[in-house]
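Engineer: quick check, what structure comes out for this input:
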Amino acid sequence: MSTVSDKTKELFEKLERAKQRAELTFSDRPLLERRDSQDSNYSGYNSSTRSTEEINKPDHSEEGEEQVFEEEEEEVTEEDVANTEEEEEEEHARVEQVQAPMAETIRQLSNPTGGGAAPLCIAYPEPGEGLNDDFELKSGFLHHLPKFHGMSSEDTNKHLKEFEFVCGSMCPKGADINILKMKAFPFTLEDKAKTWLFELPAGTINTWDRMKGEFLTKYFPASKVTVLRKQISGITQGHEENFCNYWDRFKSLVASCPNHGMSEGSLLTYFYEGLTANERGLLDAAAGGSFMDKTPADARELLTNRALNYQQYEGVLSTQRRVHEVSTNSALEDKVNKMSTLLSQVLNGNGGGAMAQVCGMCSTQGHPTDKCT
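Structural biologist: Numbering: from 1, shown residues only. Sure, this is the predicted structure:
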């Protein structure tokens, strides 16, 4: 193709140079000399006797020669161009024939080696103004990413919070953080969760919000939201659960359902109603009369401070409780040992003879229980 095009270009350049030489020849030839050359073609013609009108008669020979030259030029140009086009078509056909793929065999069609893979479901958008999407995900960054396996027991919203925290803390300078999240999020998925992502239709995800929405729709459906709302509204403190642990469990339950749709006052009311009678009385006393008379902000501050105080002195209370438990266990073990000794003596007797009397109070032989001093 390139060789034929060069020939065509060279041919047009030659024609242009020939035309310029012809115009230069006609323009520089003296008019009188051309007339003399015309007169020489006619024998016996006397130039001195020509009239003024014949001398001044316009000469069209120059225009005729130019017209003939242009006609010949046009004929040559059209013929050469036609030949050139035919050569280009033949060359193009030969190139296509060489580049045409060979017919695939049945084995190749049954086992394609490339081109048959489905496109990815992620289409990255254009970066924001002043930002770029040409960055590398470092191994240290990927190592800090949380993992999600798609199990029903996993906390979906907690996974997203941890992921966004890592991306915000380790985002490269000048990088579009939304594109960074779209590129890094597939590395957090494992097992069933990764299979779900790769099975989405091509082009489904084109923004970070769309990716997060698809993830929540799959692993945090409306049915799970309803269950968590019921757990929040019906929360109760266990008999062996202290105030600090109950408060932490309540906060974790609320954090696991960001779209619960409950007001702050309603949440605090559910927490207060779930307390045991003793803890509720202590909380009212700490509030100066009634916990429900506090504003939501003051009530949350009171709960936080009380849980913090309990956590600070929990070690002292636990030590006292352990000392009391150890002393109680020692007394019980002593009584169990005495009863075991008494039982063995009753069963074995004195060398197989008559059963000796054993006092039930002091566990000694020689006197009955009612005469024990």
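Engineer: and Gly130, that one's in a helix?
Structural biologist: No: counting by DSSP: H, G, I helix; E, B strand; the rest coil, Gly130 falls outside a helix, being coil.
Engineer: which residues touch it?
Structural biologist: By C-beta atoms under 8 Å, 6 or more residues apart in numbering, the contact list for Gly130 reads Gly174. C-beta coordinates here come from the backbone N, C-alpha and C atoms, glycine included.
Engineer: and what of the one 5 residues further on?
Structural biologist: By C-beta under 8 Å, 6+ apart, the contact list for Phe135 reads 172, 174-175, 180.
Engineer: let me know the secondary structure of Glu91.
Structural biologist: Relying on three-state DSSP, one would call Glu91 helix.
Engineer: burial measure for it, as a count.
Structural biologist: 15 (other C-beta atoms under 10 Å).
Engineer: roughly how far does it sit from Leu197?
Structural biologist: Distance from Glu91 to Leu197, counting by C-beta to C-beta, to the nearest Å: 50 Å.
Engineer: what segments of the stretch 201-350 of the chain are helices?
Structural biologist: 208-219, 222-233, 243-255, 264-273, 277-286, 296-312, 314-348 (DSSP state H, counting those that start in this stretch).
Engineer: could you tell me the least trusted of those?
Structural biologist: Between those, the lowest average pLDDT goes to helix 314-348, which shows a mean of 65.
Engineer: buried set for stretch 299-313?
Structural biologist: Residues of stretch 299-313 classed as buried by neighbour count (16 or more other C-beta atoms under 10 Å): 299, 302-303, 306-307.
Engineer: contacts for that stretch?
Structural biologist: For stretch 299-313, contacts defined as C-beta under 8 Å, 6+ apart pick out 242-244, 247-248, 264, 268, 271, 283, 286-287, 291, 294.
Engineer: which helix or strand in the protein has the lowest average pLDDT?
Structural biologist: Least confident helix or strand, the chain: helix 52-56 with a mean of 45, by mean pLDDT, DSSP states H and E.
Engineer: tabulate the helices of the stretch 201-350 of the chain (CSV), appending distance to His144.
Structural biologist: What follows is the helices of the stretch 201-350 of the chain, written out as CSV (distance: least, C-beta to C-beta, whole Å):
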stretch, distance to His144
helix 208-219, 19
helix 222-233, 27
helix 243-255, 21
helix 264-273, 32
helix 277-286, 40
helix 296-312, 29
helix 314-348, 32
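Engineer: closest to Asn132 out of these?
Structural biologist: Ranking the helices of the stretch 201-350 of the chain by proximity to Asn132 (C-beta to C-beta) places helix 208-219 first, at 16.2 Å.
Engineer: tabulate the CA atom coordinates of the closest one in CSV.
Structural biologist: Provided in CSV are the C-alpha atoms of helix 208-219 (Å, rounded to 0.1, in the frame of the first residue of the first chain):
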residue,chain,number,x,y,z
TRP,A,208,-17.8,4.0,44.2
ASP,A,209,-21.3,4.7,45.5
ARG,A,210,-22.7,2.2,43.0
MET,A,211,-20.2,-0.5,44.2
LYS,A,212,-21.0,0.1,47.9
GLY,A,213,-24.7,0.0,47.1
GLU,A,214,-24.5,-3.3,45.3
PHE,A,215,-22.4,-4.7,48.2
LEU,A,216,-25.0,-3.6,50.8
THR,A,217,-27.9,-4.9,48.7
LYS,A,218,-26.3,-8.3,48.5
TYR,A,219,-25.0,-8.7,52.1
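Engineer: check which helices and strands it sits against.
Structural biologist: Packing partners of helix 208-219 (3 or more C-beta pairs under 8 Å, 6 or more residues apart in numbering; DSSP states H and E): helix 156-169, helix 177-184.
Engineer: are any of the contacts of Phe135 buried, and which?
Structural biologist: 175, 180.
Engineer: ok, which pair from the contacts of Phe135 is furthest apart?
Structural biologist: Gly174 and Leu180 (11.0 Å).
Engineer: Gln231 versus Leu256, what's the distance?
Structural biologist: You called it Leu, but residue 256 is Ser. Relative to Gln231, and taking C-beta to C-beta, Ser256 is found at 9 Å.
Engineer: of these two, which one has the most company?
Structural biologist: Ser256 (17 against 14).
Engineer: which residue, other than its chain neighbours, is closest to that one?
Structural biologist: Sequence neighbours aside, Asp155 is the residue nearest to Ser256 in space, at 5.5 Å (criterion: C-beta to C-beta, 6 or more residues apart in numbering).
Engineer: does that neighbour really touch Cys257, like I thought?
Structural biologist: No: using C-beta atoms under 8 Å, Asp155 is not in contact with Cys257; the gap is 9.9 Å.
Engineer: who has more neighbours, the two?
Structural biologist: Counted by other C-beta under 10 Å, Asp155 and Cys257 do not tie: Cys257 has more neighbours, with 21 against 16.
Engineer: how about the more buried one: what's its closest non-neighbour residue?
Structural biologist: Spatial nearest neighbour of Cys257, chain neighbours left out: Leu228 (3.9 Å); criterion: C-beta to C-beta, 6+ apart.
Engineer: distance of that neighbour relative to Asn309?
Structural biologist: 29 Å.
Engineer: which single one of the buried residues of stretch 299-313 is nearest to Glu136?
Structural biologist: In terms of C-beta to C-beta, no member of these lies closer to Glu136 than Ala307, at 44.3 Å.
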